[in-house]
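[1] Got a sequence here, can you build the structure:
(chains A, B, C, D, E and F)
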Protein chains: 6
Amino acid sequence: MEKVEAIVEALPFIKEFHGSCMVIKIGGHAMVSEDVLEKTIRDILLLYFVGIKPVVIHGGGPEITEKMERLGIKPKFVDGLRVTDKETMEIVEMVLDGKINSKIVTTFIKNGGKAVGLSGKDGLLVVAKKKVKKKKEGDREIIIDLGYVGETEYVNPEILQILIEKGFIPVVSPVAADLEGNCYNLNADLVAGNIAAALKAKKLIMLTDVPGILSDLSDKASLITRIRADELEQMLKEGKLRGGMVPKVEAVLTALRGGVERAHIIDGSREHSILLELFTRKGIGTMVEP
Amino acid sequence: MEKVEAIVEALPFIKEFHGSCMVIKIGGHAMVSEDVLEKTIRDILLLYFVGIKPVVIHGGGPEITEKMERLGIKPKFVDGLRVTDKETMEIVEMVLDGKINSKIVTTFIKNGGKAVGLSGKDGLLVVAKKKVKKKKEGDREIIIDLGYVGETEYVNPEILQILIEKGFIPVVSPVAADLEGNCYNLNADLVAGNIAAALKAKKLIMLTDVPGILSDLSDKASLITRIRADELEQMLKEGKLRGGMVPKVEAVLTALRGGVERAHIIDGSREHSILLELFTRKGIGTMVEP
Amino acid sequence: MEKVEAIVEALPFIKEFHGSCMVIKIGGHAMVSEDVLEKTIRDILLLYFVGIKPVVIHGGGPEITEKMERLGIKPKFVDGLRVTDKETMEIVEMVLDGKINSKIVTTFIKNGGKAVGLSGKDGLLVVAKKKVKKKKEGDREIIIDLGYVGETEYVNPEILQILIEKGFIPVVSPVAADLEGNCYNLNADLVAGNIAAALKAKKLIMLTDVPGILSDLSDKASLITRIRADELEQMLKEGKLRGGMVPKVEAVLTALRGGVERAHIIDGSREHSILLELFTRKGIGTMVEP
Amino acid sequence: MEKVEAIVEALPFIKEFHGSCMVIKIGGHAMVSEDVLEKTIRDILLLYFVGIKPVVIHGGGPEITEKMERLGIKPKFVDGLRVTDKETMEIVEMVLDGKINSKIVTTFIKNGGKAVGLSGKDGLLVVAKKKVKKKKEGDREIIIDLGYVGETEYVNPEILQILIEKGFIPVVSPVAADLEGNCYNLNADLVAGNIAAALKAKKLIMLTDVPGILSDLSDKASLITRIRADELEQMLKEGKLRGGMVPKVEAVLTALRGGVERAHIIDGSREHSILLELFTRKGIGTMVEP
Amino acid sequence: MEKVEAIVEALPFIKEFHGSCMVIKIGGHAMVSEDVLEKTIRDILLLYFVGIKPVVIHGGGPEITEKMERLGIKPKFVDGLRVTDKETMEIVEMVLDGKINSKIVTTFIKNGGKAVGLSGKDGLLVVAKKKVKKKKEGDREIIIDLGYVGETEYVNPEILQILIEKGFIPVVSPVAADLEGNCYNLNADLVAGNIAAALKAKKLIMLTDVPGILSDLSDKASLITRIRADELEQMLKEGKLRGGMVPKVEAVLTALRGGVERAHIIDGSREHSILLELFTRKGIGTMVEP
Amino acid sequence: MEKVEAIVEALPFIKEFHGSCMVIKIGGHAMVSEDVLEKTIRDILLLYFVGIKPVVIHGGGPEITEKMERLGIKPKFVDGLRVTDKETMEIVEMVLDGKINSKIVTTFIKNGGKAVGLSGKDGLLVVAKKKVKKKKEGDREIIIDLGYVGETEYVNPEILQILIEKGFIPVVSPVAADLEGNCYNLNADLVAGNIAAALKAKKLIMLTDVPGILSDLSDKASLITRIRADELEQMLKEGKLRGGMVPKVEAVLTALRGGVERAHIIDGSREHSILLELFTRKGIGTMVEP
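    Got it, this is the predicted structure:
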């Protein structure tokens, strides 16, 4: 009986989100164990069955490194940036598309969902270009060749729209190509932001392994639960954000500028984090408004 | 957190019922108080928002009687059966369509639903005919004229299908007409059975004020939780069912013969009875299988 | 043979109106006798079968009064305005939706039409708000509480568009609710004007019991057969219109401002008045142009 | 006023035929004067605007003969049958498609209709084959070569269905080709019967210059107003039908066997004959039932 | 093997044109022999089967003259311009619609295509008006009555769009009518330009009997292979174009102004001229860019 | 000019195949070099642009072995059959989905095509089950556990139909899962046969590295160019087929039984083999008829 009442209490939220599209970025940390992944997928399936149209984007840095080590390939770094040569790119694709994407699709199947695994290349979803990294060296600006590291040139959301409309759940890896057939490894957070904007999604939800945006990086209790995009942009400029949070926040800003209604940065390692954020009044992470 | 887990536990049920149509007969007893009605409507709205397509049928006997008394009209009975003359029929329509149906639609609005109130006349949903009541009198069979008491001739489900497809929740009263424009008062249980069959609904759910079908009428603890249609038909023939349960069971048998997958008879006065029946493994009433 | 020639003469008019939507307000006076109502419905059905898409709006003041008297409820008036308390509102709904709307739908069935009875609540067609009536009292302006007397907040024409497209004839009562579920009695003329505007109907046709707009109220022969909206607005401001004609003209102006091509005010008590207005060059009432 | 009543009296017929498809064969005699043609076209346009979907088929024998004489070509006959050589066939096409079909389309335009002129070749509507005419000569059966005289091999009604659905009125000539590109002159009555069957039209209406089928060929008063297909077939076998009536009756039988509900043979030279047949209870010609 | 390689080499062109609409004007010279016509039709069919949507427009001046001579009618000229009286117009329609259009449709059938022959009257594709020809006579400007010589008033491309979408190839003659039903003979080049603009075709291809536009009319080697619309307009103003090239160039300019991407003027008497122009990098005629 | 004529000669074949679906199995040998792969993809793209709807299936045995060796994993064999344990299965997925499938999709992009890479798991295209391998050992039959080697349980072609209809080219790997989420490696030939049958494709084309089916395995000149399914089945039973040809023939028989019109086994290593087989009268491999 209590259970039924719990469901009934979720009604106003379900009502609000019914029929809307949400882009969910699963962090590499959901990949740590099959159990965590499965719980996350089940939460997403619940969203699906209460009428929300989820699009899943995933990354996979840690697994790429692991696989390279396994194959005896040493990562090369120039000035702290990983260089992706042809051989590395092949491993990137195998791990992202052949392992992680595949595992997510399988986990959907196991739990009764109909997912479709895609990379940015499928249906030309994401057209990429080589990322140009510049560096000041004395007076001159020099370009660092990072190899097959790319960024989004533009997004064709048609393939996602077709699949969503027909009731499938798309699962997207951050591999994409340019029109000459060169493949690139893209930052999954940024791809999520671009796709959310192209779909004019209701929400972009970034699952990460910290509680959200902190006003004081050294104090986990300083979580910001609600912030406007312009305030967040200010924080970014002032260097108050570090590490992996930077591309997440850039993705959030891209999405909100592109028409997404709200973006959420939440702790994906916490159980049912997506549901707690969406179906309770308080939420658990940081919500960003336009 | 517990609440969220409760919702997640409902996932297998939500998954099973997603996208299916259910016909729900609301008994006169849900009309006793606004509070009970509102709780029932909210449960139905929850079904709607988790992807179920509900069609609501209601009756209203007690309110008709009350209104007649209010207007100083004495019910006439012939041999224990109420006779519906022209004046009574007018009151029937006013109460069923102008009061009860209207109140249900209003309650949906208040709780965020888009309902459409219909009678059987709208879009020729139910084409009715006069009910012929016969009686043995000695050797002869005589026909008792009950006036405007009718039964279903056939159902045109088109109007319901259109509204359901477009995301509306139809609310249907048991008033219908023949093609000459004579209006009749029909038994709401039987109309629910006919409509469930015409829609090939997944479920017919009869809300009543007893726990379900009892194997021993004198023992409330003798609830049958699961029964096959042929066994139920046998009970009906053997006279093991009484009063208001008779048309309910007839409606259930009509629905199952017409292709409905399961029918449920449950206690609508119990809070969240619909959800408890659908979203828990045990259920709370009687489930009838084909 | 003459009959066939008469039909052929109507061809240019039929051609002109083919496929267009017309909103027809039936006045309380069509309700005086079943015979008058039936003739009006048959004329509307004829429009339907020659390719016009009619939407019918009705009122019902006189019948409400009668029913209240029948129930021994005394109308309360404050400053000449009827106050609609909760009990009165219940009667309003019963009479408008359960009796008049119902009778119109039945009359369509009897004559071979497929009508669907709606109130403003169905499919949230009309979202209403409480009507605020102000009154000067000395220097101060005081607000008179008229109870459940409402006006249109906005119109969602979707339910009408769906039904029209599928070949049904919608019949709409002027009962509507706000999103909190409070029900209101609205002026049917004004509702007709709002709905005609929302549908961008080709015509709004107001059936009343006078020949049309008179330039001299005391002279029935002073009928204006054709007038522009701005001229009519001027007449309204100058107080040259009285009584029931005032809301009719307001509705006409609303409709024309909202994109309706022509509005007609005609004598609905005259036999075949709609057809005479539409299918003869001269017409019989007042036509208002934008 | 009388005119309006005449229209109202047609309502039951309009209602019955609303939305149905009718194939109308215009005889060469409607071509005698522009005035007769225009009246016939106006009647067909009226059908169109009251919701009937007309398909017009025409012939044109007399005009072909006239044009051949004009060009100084002598018709050749073998055993009383006209032989259509290549040169004649060219004239047939020019007259049927370039003159008669064209004139009918123009007459629709002039009266506000949107017609589309087609031959059987357009969209492969009618695929034809050479007509094999055999003749007994003593004991032997010899084949008479009639040149480009053809008959229907099969009908692809798709092009008609597309045009009808989009609100156009197709006008079809009896010229068709085989898949090798040989063009043939077909009997227009038979083509009308084949097309009516392929469309499963509600009615096939043959306009001719006699009142209908006569039980006694010498007595114009012996008109049969109603006959069953089997009775008519019997008359045909017994040789009770002569001349141009034979292919008309064969076309009627083909249509009825193919699912057409009723066929009518009426005097097209009588003013408003189509309307008198369809919109009055008595009709004016012969109605054939399956 | 070489053949297969030839096809593969065409891939980039096929890819570029896939799914686009092209309006092709067939000159009277393709009518010289059946063999030339058939080769042209086969090339157009090839375009069709590689995913291009062709619309064919044809003229027919020479055949009209020939037919008139055959019928012993003398062309009348006023000031060098042919006057089209009623009798001549009848011949124009018979030849254009009943002979040339018909022959083109037949040739499509023979080669496996599904064509639909239309004139500008069909579906009111082209609404025409009388062409007003003025002439200076001393100080006064006088109007020369050319009879039924017309020009395009406006184009309703709906019928073409419907047919194209359903996979038919429309074949259009330059006969059209005004809304009063007067038929006119239009210049086929100009009709092709108007239709290409109305369809926003990708290309307008004018087949003629010269290699294209020459910079020096006396030197066939002076072919301009590529020119901008403004440059071409300049040539027209400077009188550098003569005879039949003038309406062709006017049509091209109309089309390009109306949104057509490219126009081509090529020698239709050269075998496979359309394919050589479209599927080889150099082309063979004049391409005009906006 | 010769090139254009070559294209025109292909017209009858293009016409025949226009709009039909073909399933093409690319053998591992097309993977030998990027050049061979690119030529094959270009041929398939040509099919696409002339109106054929291709579905590509690929295998990848040799690359899996190579990758395993690279990772230092030794293939285990039981009785000559490769055992696929969990670790091996992970490599299978990475190679098939993350490398080969990905490379094919990239090659389409590079050549202007819009492909979508899928495994059998996507959209539940192929539901698999564990393959049960039995072996006689003396009198007893024992089951050999091959691990994650699977076979098709059933095919849901919906995802393919949606993608084809929208103009995408699906590229499918032979990885699939059961509904519990266990992933299996399937034989790509057999998957191609199952999918061709489920799609009721016009053709199944098996690209391999031999010329086709030989009547005498030792004589390459003994190519059978045309054979009926029953004859082929007989050859299979009689053991006249060996090695990789066995599953190819089983796939062909499955496809033909399932309604595929023709199956072709051809030498994919020969340049333009697909086009030579489809667009020349003789063909180059073995065509199997039902």
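
[2] Quick one: distance of stretch A:208-225 to the chain centre.
    19 Å (CA atoms, centre = their mean, to the nearest Å).

[3] What is the end-to-end distance of it?
    Taking CA to CA, to the nearest Å as the measure, stretch A:208-225 stretches 15 Å from start to finish.

[4] go on, stretch A:55-71?
    32 Å.

[5] mind listing what's buried in it?
    Residues of stretch A:55-71 classed as buried by neighbour count (16 or more other CB atoms under 10 Å in any protein chain shown): A:V55, A:V56, A:I57, A:H58, A:G59, A:G60, A:G61, A:E63, A:I64, A:K67, A:M68. Heads up, the C-betas are built off the backbone N, CA and C, glycines and all.

[6] repeat for stretch A:116-135
    Of the residues in stretch A:116-135, A:116-131 count as buried by neighbour count, 16+ other CB under 10 Å.

[7] quick one: average pLDDT of the helix or strand hosting A:A263?
    Assignment of secondary structure by DSSP states H and E places A:A263 within strand A:262-267. pLDDT averaged over strand A:262-267 equals 96, rounded to a whole number.

[8] where's the residue in the stretch 101-250 of chain A that chain D sits nearest to relative to B:G167, distance?
    Distances between the stretch 101-250 of chain A and chain D by CB to the nearest CB are smallest at A:E165, namely 25.2 Å. When distances are taken as CB to CB, to the nearest Å, A:E165 and B:G167 turn out to be 15 Å apart.

[9] which one of the two has more residues nearby?
    For the pair A:E165 and B:G167, the greater number of neighbours falls to B:G167 (13 against 10), based on other CB atoms under 10 Å in any protein chain shown.

[10] And the helix or strand following the strand holding A:A263, how far out from the chain middle?
    Downstream of strand A:262-267, the next assigned helix or strand under DSSP H and E is helix A:273-279. Relative to its chain's centre, helix A:273-279 lies at 17 Å (CA atoms, centre = their mean).

[11] Counting neighbours, which bits of helix A:273-279 end up buried?
    Along helix A:273-279, these residues count as buried under the neighbour rule (16+ other CB under 10 Å): A:S273, A:I274, A:L275, A:L276, A:E277, A:L278, A:F279.

[12] Kindly report the same for stretch A:75-88.
    Judged by neighbour count using 16+ other CB under 10 Å, the buried positions of stretch A:75-88 are A:R82, A:V83, A:T84, A:T88.

[13] Quickly list what the first one is bridged to.
    When you say that, I think you mean A:R82. For A:R82, the beta-bridge partners under DSSP bridges are A:F77.

[14] does any bit of the strand holding A:A263 sit next to chain B?
    No - where contact is defined by CB under 8 Å from any CB of the partner chain, no part of strand A:262-267 touches chain B; the two come within 13.3 Å at best.

[15] partners of that strand in the sheet?
    The pairing partners recorded for strand A:262-267 under DSSP bridges are strand A:203-208 (parallel), strand A:286-289 (antiparallel).

[16] Identify all contacting residues around that strand.
    Strand A:262-267 is touched from outside by A:196, A:202-213, A:245, A:248-249, A:252, A:255-256, A:273-274, A:277, A:283-289, with contacts defined as CB atoms under 8 Å, 6 or more residues apart in numbering or on different chains.

[17] Which stretches in the stretch 151-290 of chain A count as strands?
    A:169-173, A:175-177, A:183-185, A:203-208, A:226-228, A:262-267, A:286-289 (DSSP state E, counting those that start in this stretch).

[18] I'd like the ones you listed laid out as CSV, including mean neighbour count.
    Compiled in CSV, the strands of the stretch 151-290 of chain A are given as follows (neighbours: other CB atoms under 10 Å in any protein chain shown):
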stretch, mean neighbour count
strand A:169-173, 28
strand A:175-177, 28
strand A:183-185, 27
strand A:203-208, 27
strand A:226-228, 14
strand A:262-267, 24
strand A:286-289, 21
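
[19] Minimum distance to B:I143: which of those has it?
    When the strands of the stretch 151-290 of chain A are compared by CB to CB, strand A:169-173 sits nearest B:I143, at 61.2 Å.

[20] Are that closest one and chain B in contact anywhere?
    No - on the criterion CB under 8 Å from any CB, strand A:169-173 is out of touch with chain B, staying 12.9 Å away.

[21] ok, now which ones touch A:D178?
    In this structure, A:D178 makes contact with A:V127, A:A128, A:K129, A:K130, A:G150, A:E153, A:Y184, judged by CB under 8 Å, 6+ apart.

[22] Check the nearest residue to the third one once chain neighbours are set aside and give its pLDDT.
    Meaning A:K129. Spatially, and ignoring its direct neighbours in sequence, A:K129 is nearest to A:E153 (4.5 Å; CB to CB, 6 or more residues apart in numbering or on different chains). Confidence per residue is given as pLDDT, and for A:E153 that number is 97.

[23] ok, now A:G120?
    Predicted confidence (pLDDT) for A:G120: 98.

[24] Repeat that for A:K237.
    According to the per-residue confidence, A:K237 scores 94 in pLDDT.

[25] Among the buried residues of helix A:273-279, which pair sits farthest apart?
    Within these, two members stand farthest from each other by CB to CB: A:S273 and A:F279, at 11.1 Å.

[26] ok, back up a step: how about CSV for the strands paired with strand A:262-267, with mean pLDDT added?
    Putting the strands paired with strand A:262-267 into CSV (pLDDT from 0 to 100) gives the following:
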stretch, mean pLDDT
strand A:203-208, 96
strand A:286-289, 96
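
[27] Can you say which of those strands is nearest to F:V171?
    Set against F:V171 and scored by CB to CB, the strands paired with strand A:262-267 come closest in strand A:203-208, at 29.5 Å.

[28] Give me the residues contacting the closest one.
    Outside of strand A:203-208, the residues within contact range by CB under 8 Å, 6+ apart are A:17, A:20, A:22-27, A:29-30, A:40, A:189, A:192-193, A:196, A:244-245, A:248, A:251-252, A:255, A:260-268, A:273-274, A:277-278.

[29] Kindly give a single ChimeraX line that selects the buried subset of the residues you listed.
    Restricted to buried positions by 16+ other CB under 10 Å, the ChimeraX selection for the contacts of strand A:203-208 reads:
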select /A:17,22,23,24,25,26,27,29,30,40,189,192,193,196,244,245,248,251,252,255,260,262,263,264,265,266,267,268,273,274,277,278
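
[30] Sort out for me which of the buried residues of stretch A:55-71 are in strands.
    Assigned to strands by DSSP state E, the following of the buried residues of stretch A:55-71 qualify: A:V55, A:V56, A:I57, A:H58.

[31] Tell me who's in contact with the closest residue to chain F within the stretch 1-150 of chain A.
    In the stretch 1-150 of chain A, no residue comes nearer to chain F than A:G98, which is 2.3 Å away by CB to the nearest CB. A:G98 makes contact with F:E93, F:M94, F:V95, F:L96, F:D97, F:G98, F:K99, F:S102 under the criterion CB under 8 Å, 6+ apart.

[32] Go through the residues you listed and say which is closest to F:I44.
    When the contacts of A:G98 are compared for distance to F:I44, the smallest value, 16.6 Å, is given by F:S102; criterion: CB to CB.

[33] need the contact list for the closest one.
    Counting by CB under 8 Å, 6+ apart, F:S102 has contacts A:E93, A:D97, A:G98, A:S119, A:K121, A:V175, A:C183, F:G117.
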